[in-house]
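*Asks:* Generate coordinates for the sequence data below:
(one chain, ligands or ions: 1)
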Amino acid sequence: MIEAGSEFAVLLEARFPQATTLWMDASQLRTVELFGGDAAGAVSSGLPLLSMSPRKVIAILDGSFRHLRPGGAFYQFTYGPNCPVPRPILDRLGLKATRVGRALANVPPAAVYRIQRRSQRRLPEGWS
Ligand SMILES: C[S@@+](CC[C@H](N)C(=O)[O-])C[C@H]1O[C@@H](n2cnc3c(N)ncnc32)[C@H](O)[C@@H]1O
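*Replies:* This is a model prediction of the structure:
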């Protein structure tokens, strides 16, 4: 788990001792080694991308995809009506976004987007 706020990072560490919590800015992800160098399958994000600068959003996505294996995906929840990553940023990074979930009864209504690399290599049987 990655959290920039010190109080929340301490709380997460206490509540989920079996997980690793990193107190850091997610835009620095490209500079850290995770999982002993193994690639991750997915990122699950509640980061407030809509209120970040394009530069920061690019750094977060670029850093995340450096840690994701081929076929891996970045899942982002949002309260906005559209994908919180603007199309020019998706194009620049070679990514595509698909809405995969919606919670209309939530106040405000929420949605989940899956962001993936555009050109996916064919994965071996059993990988997803
Ligand atoms: C809307 S809350 C989401 C809370 C929880 N992570 C979840 O998904 O339900 C956004 C969280 O992102 C954290 N955050 C904001 N900018 C960040 C950044 N650049 N790097 C890491 N965490 C950040 C905030 O401190 C806050 O705890």
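*Asks:* Any idea which residue of the protein lies closest to the ligand?
*Replies:* Using Cβ to the nearest ligand atom, the single residue of the chain nearest to the ligand is G46, 2.2 Å away. All C-beta atoms are positioned from the backbone trio N, CA, C, and that covers glycine.
*Asks:* Just list the residues touching the nearest residue to that residue once chain neighbours are set aside, thanks.
*Replies:* Leaving out its chain neighbours, the residue that sits closest to G46 by Cβ to Cβ, 6 or more residues apart in numbering is F77, at 5.6 Å. F77 makes contact with 45-46, 110-113, according to Cβ atoms under 8 Å, 6 or more residues apart in numbering.
*Asks:* again, 7 Å this time
*Replies:* 46, 110, 112 (Cβ atoms under 7 Å, 6 or more residues apart in numbering).
*Asks:* Okay, the second one and E33: tell me how far apart.
*Replies:* Translated: A110. 32 Å (Cβ to Cβ, to the nearest Å).
*Asks:* Can you name the residues of the chain sitting close to the ligand?
*Replies:* 2-5, 8, 25-27, 46-48 (Cβ under 6 Å from any ligand atom).
*Asks:* Pull out the buried members of the residues you listed.
*Replies:* Among the residues of the chain next to the ligand, those classed as buried by 16 or more other Cβ atoms under 10 Å are 2-3, 26-27, 47.
*Asks:* Which one's more surrounded, A110 and E33?
*Replies:* Taking other Cβ atoms under 10 Å, A110 and E33 do not tie; A110 has more neighbours (16 against 8).
*Asks:* Who's the closest spatial neighbour of that one, skipping the chain neighbours?
*Replies:* Counting by Cβ to Cβ, 6+ apart, the residue nearest A110 is A103, at 4.6 Å.
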